[in-house]
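Peer 1: dropping the sequence and predicted coords here.
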Amino acid sequence: MTASAAATPPATLVGEARFLRSFPAKDIVAERATNAELWDTAGRRWLDLGGASHGVALLGHNHPEVVAAIQQQAGRLIHVAQSVQSPVRADFLDRLHAALPAQLERTFIANSGTEGIECALKLAAAATGRTRIVAMQRAFHGRTLGALAGTHRPEFRAPIAQMLPKTDFVPMDDIEALQTAVTKDTAAVLIEPVQGEGGVRPAAREFLRAARDLATDRGAILIHDEVQSGLGRTGTFLAAQAAGVVPDAVVLAKGLAGGLPIGTCSATAELAAKLPPAAHGSTYGGNPLACAAGSAVLDILARDRLAERAARLGSQVAARLRELDAPCVRDVQVSGLMVGLDLRIRPQPVLQAMASAGVLALAGGMTGVRLLPPLTIPEPQLQEGLDAVANALPRVVAA
Ligand code: PLP
């Protein structure tokens, strides 16, 4: 069947109409972007507080030094298989491990966050021989089978829920429920130290510490999913560093390669050694192009002290949002530049009003508005975004 212009909604490109998506496309045809600003083919300028990048624009869109690193590497070597050594991959791993806790000594490089979680779950299964996962209510870990098993929302699990590995979900911060759920059958305890997709919620430090102790006592593997909260976004390289907790494995992704696909699973040497020969691999994972971009990202993060900047700007954002006089706001959660407003209403009208003001944000769960701005966002643009939030919140909540 040929798609005709008449059969195509006005804002949908004919080719885009063929894209098999399970969520509606935005009325934006992207053309180019710099840092937190994106322009569409209609000449409109958008401020991207995460709505266009889903947090991938950690250093903003098209950071010039990342672009230069990609261009340089593309002219030399784009791809070699994981079986072939690469100095570019080695450099990337050196930089990553310089930023990670020393206990995490080995890293598998994949192409996405969900693949990083698959690797961590595979390590947990190999190390324990057990079958079950313990994960948090409202968790999001990705959309492949293992990662989806740890993802809580039924719409995300459909229609394949019956084929997923078995998971026991516990409310975050409920130490007693965790104690009951983690048993001799638990291979992995899977936690986002700051939940994102389900609504921005930092785990309590005591909960992260209790999970660490419990996993150790009961022989389960503690996996931290820092796909959204990692890389300095919450004010430290890993969000869990603030609690002084080191997991057995941590997964990173999103902006790690400046927008090129990447995901990493870093584990203790002891855990990594449990992986049987031939049990894991990836054609593209760790390719020189993504690794060159990743090295540039890690250099910029460290050199420009962007985690510290995220912490500083986050305090300003928290102060501004907490003084909003809006009855529809139930709670404000700010962890560096991972920002959430929990509302008494659905977030869509608020997101729509923000978009009318040219500002793109995200939903978080059923009642949350979420902001994941670049760590490099100019302060006036961050203020512009917060003005848009303030103006978009209805003054009255319908009874
Ligand atoms: N884990 C978390 C916490 C995420 O936020 C996401 C994506 O948003 C994922 C895993 C999955 O990552 P990806 O979409 O790169 O597969």
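Peer 2: Perfect, thanks for sending it.

Peer 1: neighbours around the residue in the chain positioned nearest to the ligand, how many?
Peer 2: Distances between the chain and the ligand by C-beta to the nearest ligand atom are smallest at Gly113, namely 2.4 Å. Every residue, glycine included, has its C-beta placed from N, CA and C. Residues near Gly113, counting by other C-beta atoms under 10 Å, number 29.

Peer 1: that one: what's it in contact with?
Peer 2: 141-142, 147, 225, 227, 251-254, 263 (C-beta atoms under 8 Å, 6 or more residues apart in numbering).

Peer 1: who are the contact partners of the residue nearest to Arg205 when sequence neighbours are not counted?
Peer 2: Nearest residue to Arg205 in three dimensions, chain neighbours excluded: Ala243, at 3.9 Å (C-beta to C-beta, 6 or more residues apart in numbering). Ala243 is in contact with 193, 203, 205, 208-209, counting by C-beta under 8 Å, 6+ apart.

Peer 1: out of those residues, which sit inside helices?
Peer 2: Here DSSP state H is the test, and the contacts of Ala243 give 205, 208-209 as lying in helices.

Peer 1: show me which of those is closest to Gly198.
Peer 2: Checking the ones in helices among the contacts of Ala243 against Gly198 by C-beta to C-beta gives Leu208 as the nearest, at 16.8 Å.

Peer 1: tell me who's in contact with that closest one.
Peer 2: Contacts of Leu208 (C-beta under 8 Å, 6+ apart): 191, 193, 240, 243, 245.

Peer 1: how about Leu47?
Peer 2: Taking C-beta under 8 Å, 6+ apart, one finds 36-37, 358-360, 381, 384-385, 388 in contact with Leu47.

Peer 1: re earlier: dump the contacts of Ala243 to TSV, plus distance to Gln333 and pLDDT.
Peer 2: Converted to TSV, the contacts of Ala243 look like this (distance: C-beta to C-beta, whole Å; pLDDT from 0 to 100):
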residue	distance to Gln333	pLDDT
Pro193	13	98
Ala203	11	98
Arg205	15	98
Leu208	16	98
Arg209	20	98
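
Peer 1: give me the buried subset of those residues.
Peer 2: Neighbour-count burial (16 or more other C-beta atoms under 10 Å) applied to the contacts of Ala243 gives 193, 203, 208-209.

Peer 1: buried stuff in stretch 334-346?
Peer 2: Buried residues in stretch 334-346, counted by 16+ other C-beta under 10 Å: 334-343, 345.

Peer 1: what does stretch 313-322 give?
Peer 2: Buried, per 16+ other C-beta under 10 Å, within stretch 313-322: 313-314, 317-318, 320-321.

Peer 1: out of these, which are inside helices?
Peer 2: Members of the buried residues of stretch 313-322 lying in helices (criterion: DSSP H): 313-314, 317-318, 320-321.

Peer 1: format the residues you listed as TSV; extra columns: distance to Ala177 and pLDDT.
Peer 2: As requested, these are exported to TSV (distance: C-beta to C-beta, whole Å; pLDDT from 0 to 100):
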residue	distance to Ala177	pLDDT
Leu313	34	98
Gly314	29	98
Val317	31	98
Ala318	28	98
Arg320	35	98
Leu321	30	97
